[in-house]
Every structure is written in structure tokens, then in C-alpha cells.
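Peer 1: give me a model of this one.
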Amino acid sequence: MPHLKKIICFLFLISFTVFSQEKMTISGTVYDKASNETLIGVSIYFPEINIGTTTNEYGFYSVTLPKGTYRIQLSSLGYFPINKTIDLQGELSQNFNLSEEAESLDEIIIEANIENLNVRTPQMSVNKLTSATIKQIPVVLGESDIIKSLILLPGVTSAGEGASGFNVRGGAADQNLILLDEAIVFNSSHVFGFFSVFNPDVIKNVNLYKGGIPAKYGGRLSSVLDIYQKEGNSKELNVTGGIGLVSSRLLIEGPIKKEKISFLVGGRSSYAHLFLPLFNNDNKAYFYDLNTKINYRVNDRNSVFFSGYFGKDLFGINDNFVNTYGNKVANLRWNHLFSDQLFSNLSLIYSDYFYGLTLDFVGFEWDSGITNYNLKYDFKHYLSNKIKLSYGINNIYSKFNPGEIKPNREDSGIVAEKLIDKYANEFAAYIDAEHKINDKLQLQYGIRFSNFTRLGQDELNVYANDEAVIYNSEFKKYESAEPIGFDTFNKSDVISAFNNFEPRASISYLLGDNTSIKASYNRMAQYFHLLSNTASPTPLDVWTPSGKYIKPQLLDQYAIGYFKSIKDGKYSLETETFYKDIQNRIDYINGANLVANNEIETVILNGKARAYGLELLFKKNEGKLKGWLAYTFSRSEQQTPGRRENEPGINSGEWYNTPYDKTHDFSINASYKLNEKWKFNTNFVFQTGQPTNYPVGQYEIKNLNVPIYDDNRRNADRLPTYHRLDISATLKPRKNKNRKLQTEWIFGIYNLYGRQNAASINFTQNRDTFRNEAIQTSIFGMVPSVTYNFKF
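Peer 2: Okay, here's the model as predicted:
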């Protein structure tokens, strides 16, 4: 018994000593040693006590530990790791500088869940891109494209070549929240979808969230594409650029005050239109964009950033038809460190999307757009090594210009008309927790509250029984209702208000050191809607807010996955299955007119949608041969049943394929480094054909054969299967090693075997045989390219 008492006393003394140890915080920022750029997502790990974290969007980290001596390890893809011993006897501010493993041109590669699978964290359904080698992925016309690279990943598709936007897990293109330095980008495409608006030289980091979306994001249902620009080299002046067949780009960055104030200016422009006059062609088609940023590190606790983007497209035919559109965004941000454990970011953001159309042969000009002003304040609170909190508020005020038409000459006969402007305000508050229960179990959970207010406008139509769409039982079709009057409002009046709680939760459980299972749930609310009845967005499509006749869309998404790192990360396997349920999905009555419609509510019905699928991703991360294999099996459907028993609904109330349903989506990407001089890349894509409608018969009128379409067979047919093979080769001269000027040549062939993939199939009457025939339209055959990149 005396021995037992001694043992108990000894154990009590140990426990008291351990739990009474005074804890201290080590915090700081991790930088790129050459440019002084802050680094996002750097792994910081203390191996003896199995505690770690990663740097946030601004390179900041914070870890709280008992007093003592520890070994700290820092690692990030493309950088030499740091191993260092620290003596933590008090609060410690410790910054780190990481050196790149090899000097190379700034490019973009797919990272994180693809390059280094993190099996431990509860975050799932996310892909990250960071500055390194995606320029080498073969793309059309040799112009590197972030969005086209994302489409090689599981769960991400597009409507095809030359199509704007992208689709995530069976969602519509307007259900993607696209952020550039926190500013909303409403149109992500140049030249109607041939290129994206993001200059790869300027991009620092990209996250694509497909599910398990953190609570700080809201306003869209399917995904969040969060893009950060570089801050600018604060140590020395650098110039990066590239010259291609259809466009060129140039980036200049450097210090205004060394290691204190830096700037960045990047420009990109196409120039193929300059050569058209040589062929007596008066048509025009070009784009340009400009990225800017200024970074001022006031002191160790305060930094100020100003960033901007301006982009424009123009397409014209003999000056008789001129189409212009583009984005403008600006963001003023203030980072402040309240303490070693509390980081904050305050942002004031402006975003604008504009669309213009001139039809000189008719004699009018058309302008429309959307503008919003955004104030957001976000906090990251490192409470302990087990619990980290993110919380904040966000307010967005928006003005919608549905369109204005005015004559561009006196004899046009066009009467000026302005569609009624619409106004809205969206407020949100959120809190999100990352909670480590033990070494095997981790959670991420939170909630977002959103309040959307549709504000007053000059006039709002009133309809009988508050129904803007009526069903004609005699002709058995839906029709636009006639207004019975209208209400008038002041801008401060509230027409409609919506409140939604949006819970989010993710969990990961470690089955072994390299294997885990994860599950997630998220609810999202979307109050903005893109009115489009085409397979992919066009600049003519109009954004409209929720209100009296248009309900907010609501999503519930569930996902579960299995993740494994094989042979110490040499290979990785990721599998996920998901189910999405959407309420109040917008649908259109047959024959709906969406262009210049001041009564847009009269062609819209609210229905529902669902999507489900399985995603597989196998990746080889190391060696001369790297790459991945991705496969997605999924379905995307929607349904609009009748509002009452005597109404059939759209498509007889039955489920039907959405325009972006792709049952099978298979892609392979591979790169082979032959030596320091040559590197080869290839990718292969195979997709189920896009849903469409074919005629079910025809009738003759005045010797013309007119095809007949069945209104109750929406999207029941498909275009032919889409597939193509792309290759590229990168040549880096050996003389790069001994000089400041770094250069490379990229030679590529898009669609190597010249597959004529169908963009559409139209049915018309042959003028010779007078019979109906199917005419397939294809965008690209085989397209060679060459690009010269440089940096000094």
C-alpha cells in the first residue's frame, strides 16, 4: 500500500506539471525568399508533439505550445523545406523565408488535393492551384488558361469548346462564385469562352471548393473559385512575359521602397485582328485586360493592399454589329494583427460587369450590366492548437441594369427605352470552427446567416393572384400573364426580404497514417440568378435578383470520400461521392423571351434540381513521369411540376436532363521530363455528349419543311461523344543557367487527331433536295501553337 500511495502521488505530480505548464504562442509570416511574397498554405509542423498548422491567405500562422525547446519543420511544394530548433520561453514572433527548389518561369500547377493529398484535415472537395507549371498543359492556341485546366479535374466540366463558364458537380455556370482578390467576377471568359479573364502570370493562388464549403463563402450554390493575385516583388525589379500566336502578355513588378512597398502591373492583349485588314476583312475580334496591385507593409502588425482588374472584349462585323463586354474590379484591404492569436482583414470592394451592343444597320445601341459595392470584415482566431475560429460579416449592395436601348443616329426610327433598374442588399454573418478532437478525428463546422433585401424600384408589376405566369388549359400551355397594375417604391423601401441559416460541417477520421475517410454537408443560398436558356452563358444574358416573383435558390449537398497517400506520397488516391438537392431552381416556359424583357417574371417558373455522382482521382506525384487520371460518373436533372392539379408543369412534370449533364467524364494528364532541356506534356479528354433536342417530325407549309419539336421531351437527346488528345513540348535553353534572362519555348498541338467535336446540331432544309438535314457545327479541328516565355 505505501508503494501504491507513492505511485499515485508521483502520477499526480506529473499530471499537475503537464497541465500547469505555461503556454506561449509562436506566430509570424512565411515569405518567398527571392520576391518577399507571402506564401499561402505552407505546412508548419512540430514532429515531437504531432502539432501543426498552415499559413492563411496572407501567409500568417500561429501556434500555441507549452514552454520548451522544439524542432519546427516548414514545407511547401516547390520550395526547400526548413528544419530548425526553437527555444520557446515567451511569446515569439518568428518569420521565415523559403527558397525555391529551382529557378523557373512562373507558371501554374494543380496542387494540394492533386499534388500532395492531405488526408488529415476535414476539408474535402477542394482543388488548389499555385504558381508553378500549368502553362505546359496543352491548350488551344497556346494561351494558358486556369479554367480550362480545372476542367481536367473530376466534377468540373464545360459546355464545350468556345463555351463560357464552367459547371461543377452538375450545377449551372451562374452557381459558381468567382472571386479575384475577394472581388466578385461575373463573367470569367474572353472571346465568348475561348480564354479566361485570368492572366496566369499575375495569379498567386487558386482554390476551387466543390463541396464542404467553409462558412465564410456564400451567395452561390455549386462552387467557389477563390483567386489571389501576387503582391509584387518587394526586393528587386522583375519582368515576365510571353508572346503567342494570338496574344501576348507582360508583367512588371518590383519595389517602390525595398521590402516595404511593392507594385505589380500586368497586361495581356490579343492582336489577331490587326492582320485582318491585310485580307480586306473589316471584322474585329480582340480582348485586353490589365491587373494592378500595390502592397504596403506598414509594420509587423499592419499591411495595406490595393488591387484592381480591368478587362474588355470587342467583337465587330463591318462596324454594323459591335459587341463589347467586360469586368472592372477594385479592392482596398487592410490586414491587422490584434495579437499573436487574432488576425483580421478589412476589405472595401467594387465590382462591375458591363455589356454593350451596337446594331448600326438597325440604328440602335444597347447597354446593360450589374454593379456591386462590398464591405467585409474577416477574423481568424487561433484559440488553441485544437480549436481555430473564423468569423466575420459581409454586406453587398447591388444595382442591376437590365438594359437600355437608344438610337445611334437620327433617322433610325428607334425609340429610346430604359428597362427598370433593380436594387438589392445582401448581408451575411458567419462563424466557422476547425476542431481537432484527437490525432484521428478532426471536425470543421460552422453556420452562416444571410439576409437578402430586394429594395424599391420605380415600378413593379402586379398580377392577379400574384402569378406572373398562367396556364392556358384550352391550348395546354403556359403563357405570360398580363399585369393588372403596378406599385411604385422609393429606393429605401423593401419589396421582399429573405433570411436563411446555412449550416456547414465536415469530418475526417484517420484510418492509418496515410488513409482517411471524410464526410461533409453544406447548405447554400443563392439570391442572384443568370437568366439564360442556352447551354452556356453569353454576354447577352442578364443577372436578376430574387424578389416577389423569383425565389432564392437553396442547396443541400452531402459528400463522403476515401483518401489515401501511397508510398510516402509518391502516389495518391481520392474518391468522393456526392448528392445535391436544389430548391427553387429557375425554369423557363416554352418560347420564353429573355432578351430586353421588362417583365422577365412572366416567363419564369420555380422548380427543383438534383445532381449526384462519383469522382475518382489517381495521381503520380514524383519522378520524371507525373500526372493524373480523373473520372466522374454523374447525373444532373431538374423538375418543374405543376403548381396545382390541372397544370402539367414543364416537361409534363417529369425529371429531365439539365443542359450541362455529362454522365461520363474521363481525363488523363501526363508530363515527362526528359532532361533539363526538354519536357513533354499531354492530356486526353472523353465526355458524354451534351444534352440537346432533336425534331420528332416535320410538316410542310408553302413548300417548306418545318421540323417539329416535342415540348415534353426537353433535353432527351444528346450531341455525339466529345473527345480529343493534346500534346506539347517545352524547350528550356541550357544557357539559362548562367544568365539572369530565363526563356523557354512551348510547342503544342490541340486536338492532335483533328476530331470534329459537335458544338451544336441544327436542322434546316437543303436548298437542292428540299429535305430537312442535320448540320453539325464544330469549333476547332487540329490547332498547332507556339509560345515564347521570358523572365528577367
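Peer 1: quick check: bridge partners of Ile701?
Peer 2: Leu704 (DSSP bridges).
Peer 1: would you mind measuring from it to Asn693?
Peer 2: Ile701 sits 21 Å away from Asn693, going by C-beta to C-beta, to the nearest Å. For the C-beta atoms, the positions are set from N, CA and C on the backbone; glycine is no exception.
Peer 1: could you do Asn705 as well?
Peer 2: Distance, Asn705 to Asn693, by C-beta to C-beta: 17 Å.
Peer 1: what bridges to the residue nearest to the spatial centre of the chain?
Peer 2: Centroid check for the chain by C-alpha atoms, centre = their mean gives Leu225 as the closest residue, at 2.6 Å. Here Leu225 sits in beta bridges with Ile178, Leu208, going by DSSP bridges.
Peer 1: low-confidence ranges, the stretch 51-200 of the chain, go.
Peer 2: For the stretch 51-200 of the chain, the stretches with pLDDT under 70 are 102-117, 130-136, 138-142, 162.
Peer 1: what segments of it are helices?
Peer 2: 146-150 (DSSP state H, counting those that start in this stretch).
Peer 1: what's around Asp313, how many residues?
Peer 2: A count of neighbours around Asp313, defined by other C-beta atoms under 10 Å, yields 24.
Peer 1: Three-state assignment for it, please.
Peer 2: Assigned with DSSP: H, G, I helix; E, B strand; the rest coil, Asp313 falls in the strand class.
Peer 1: what's the weakest-modelled helix or strand in the chain?
Peer 2: Least confident helix or strand, the chain: helix 2-19 with a mean of 42, by mean pLDDT, DSSP states H and E.
Peer 1: which helices and strands does the helix or strand that that one is followed by pack with?
Peer 2: Later in the chain than helix 2-19, the nearest helix or strand by DSSP states H and E is strand 23-32. Applying 3 or more C-beta pairs under 8 Å, 6 or more residues apart in numbering; DSSP states H and E, we find strand 23-32 packed against strand 60-66, strand 82-88, strand 92-93, strand 96-98.
Peer 1: so which of the ones you listed comes closest to Phe263?
Peer 2: Of all those, strand 96-98 sits nearest to Phe263, with 20.8 Å by C-beta to C-beta.
Peer 1: buried sites along that closest one?
Peer 2: Phe96, Leu98 (16 or more other C-beta atoms under 10 Å).
Peer 1: how close does Arg718 sit to Tyr699?
Peer 2: Arg718 is 25 Å from Tyr699, where distance means C-beta to C-beta.
Peer 1: residues contacting Lys740?
Peer 2: Applying C-beta atoms under 8 Å, 6 or more residues apart in numbering to Lys740 gives the contacts Phe792.
Peer 1: can you confirm it is in a helix?
Peer 2: No: using three-state DSSP, the assignment for Lys740 is coil, not a helix.
Peer 1: surely Asn522 and Gly212 touch.
Peer 2: Yes: Asn522 is within contact range of Gly212, at 6.1 Å (criterion: C-beta atoms under 8 Å).
Peer 1: common neighbours of those two, please.
Peer 2: Residues touching both Asn522 and Gly212 (C-beta under 8 Å, 6+ apart) are Arg504.
Peer 1: quick one, strands of the stretch 601-750 of the chain?
Peer 2: Applying DSSP state E, counting those that start in this stretch to the stretch 601-750 of the chain gives strands spanning 604-620, 625-639, 656-657, 664-673, 678-687, 691-692, 697-701, 704-708, 717-718, 722-731, 742-750.
Peer 1: in the last one, which residues are buried?
Peer 2: Buried residues in strand 742-750, counted by 16+ other C-beta under 10 Å: Gln742, Thr743, Glu744, Ile746, Phe747, Gly748, Ile749, Tyr750.
Peer 1: nearest to Gly232, of the strands of the stretch 601-750 of the chain?
Peer 2: strand 742-750 (18.7 Å).
Peer 1: which SSE is immediately downstream of that closest one?
Peer 2: Next along the chain after strand 742-750, with elements defined by DSSP H and E, is strand 758-765.
Peer 1: can I get that following strand in PDB, CA atoms only?
Peer 2: Output in PDB follows, covering the C-alpha atoms of strand 758-765 (Å, rounded to 0.1, in the frame of the first residue of the first chain):
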ATOM      1  CA  ALA A 758     -20.000  19.000 -82.200                       C
ATOM      2  CA  ALA A 759     -20.800  22.300 -80.700                       C
ATOM      3  CA  SER A 760     -24.300  22.100 -82.000                       C
ATOM      4  CA  ILE A 761     -26.500  20.300 -84.500                       C
ATOM      5  CA  ASN A 762     -29.100  22.300 -86.300                       C
ATOM      6  CA  PHE A 763     -31.900  21.100 -88.700                       C
ATOM      7  CA  THR A 764     -32.500  23.000 -91.800                       C
ATOM      8  CA  GLN A 765     -33.900  22.400 -95.300                       C
END
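Peer 1: dump the residue contacts of the nearest residue to Gly68 once chain neighbours are set aside.
Peer 2: Leaving aside its chain neighbours, Gly68 sits nearest to Leu88 (6.0 Å; criterion: C-beta to C-beta, 6 or more residues apart in numbering). By C-beta under 8 Å, 6+ apart, Leu88 lies in contact with Met24, Ile26, Leu65, Lys67, Gly68, Thr69, Tyr70.
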